[in-house]
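**Q** What would the 3D arrangement of this be:
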Amino acid sequence: MSLFLMILGAVLVAVLIAFAIVKYLPLNLRWIPSIVMLLLAVFLGFKIYNGIMEPIEFSKTKVKKYAPVVENLKIIRDAEVKFFEKNGKYTENKALLIKFIEEAKLALTETRTVIDKINKGGGIIVDVERRVTDTIGYEPVLKYFEGRDFKNMFKVPGVEGAEFELEIGEVEKVQGLIVSTFMARTPKKAILAGMSESLVKQELEVIQTDQIKGEYISVGSLEEVTSGGNWPPSYDKPSENKKQ
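**A** Numbers count the residues shown, from 1 in each chain. This next block holds a predicted model:
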């Protein structure tokens, strides 16, 4: 909108200068406004170029800033999922979660089908199948975090001294069934500090599905049973490529 007003203002100024030249200025002095209009055209061209390029550069820069933040949230999510697998609930204790990754072990299980013969009497024997799960060993949780900086996963990349908010809650999934939930998040505004205020304001209000919606970058939810993040699939591609 400001770019449009600037162009409109420049056009009006140019019209006024042209009118003044024709009506009031002697022929031998008409070179002066010509130089002024040339400088105005250069200035306007520079502003138009910046007006077009600034949002493009903003978009590129924000993705670079968001990417490591999303990666840390993925580590937090994976840690919470493993903690839930072991304990049946999530935790908001950051130190405990790091210690869990370093020291805990998960049971390796094997499920098999057992057939029991049930005597119904009168010489009638019925085969009844049942599933039996056996523990066949244990594996360290650390195995799932090799090459990942889990010790610093709660630090927000690019924001000095900031840590992710981590909360847990409960949701009644169906009547009588209470399920543990978690959410980790950090405000986008702090990550984008120093960038164009108008573009940052627009970014905090974004609702497009190919963007990170809202004021926060987050994973999990306190209102829903999910371990998904609010970032689009494009932020997952680097991780997939790295694994391949």
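**Q** What helices and strands are in contact with the helix ranked longest in the chain?
**A** As assigned by DSSP state H, the longest helix anywhere in the chain is helix 31-87. When contacts are defined as 3 or more C-beta pairs under 8 Å, 6 or more residues apart in numbering; DSSP states H and E, helix 31-87 sits against helix 2-23, helix 94-103, strand 105-121, strand 177-187, helix 188-191, helix 197-204, strand 216-221, helix 237-243. C-beta coordinates here come from the backbone N, C-alpha and C atoms, glycine included.
**Q** Report the rounded mean pLDDT for the helix or strand just after the third one.
**A** Proceeding C-terminally, strand 105-121 gives way to strand 124-140 as the next helix or strand, assigned by DSSP states H and E. Across strand 124-140, pLDDT averages out at 84.
**Q** Only C-alpha atoms, please: export strand 124-140 in CSV.
**A** Output of strand 124-140 as CSV, limited to C-alpha atoms (Å, rounded to 0.1, in the frame of the first residue of the first chain):
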residue,chain,number,x,y,z
ILE,A,124,-15.5,-81.3,22.4
ILE,A,125,-12.2,-79.4,22.3
VAL,A,126,-12.0,-75.9,20.9
ASP,A,127,-8.9,-74.1,19.8
VAL,A,128,-8.7,-70.5,21.1
GLU,A,129,-6.1,-68.1,19.8
ARG,A,130,-4.6,-65.4,22.0
ARG,A,131,-1.8,-62.9,21.5
VAL,A,132,1.2,-63.0,23.8
THR,A,133,3.8,-60.2,23.9
ASP,A,134,7.3,-61.1,25.3
THR,A,135,10.2,-58.8,26.1
ILE,A,136,13.2,-60.0,24.1
GLY,A,137,15.7,-57.3,25.0
TYR,A,138,16.3,-53.6,25.6
GLU,A,139,17.8,-50.8,23.5
PRO,A,140,19.1,-47.4,24.6
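**Q** Show residues contacting the helix or strand just after that strand.
**A** Counting by DSSP H and E, the next helix or strand C-terminal to strand 124-140 is strand 165-174. In this structure, residues lying in contact with strand 165-174 by C-beta atoms under 8 Å, 6 or more residues apart in numbering are 76, 89-92, 94, 154, 178-186, 222-225.
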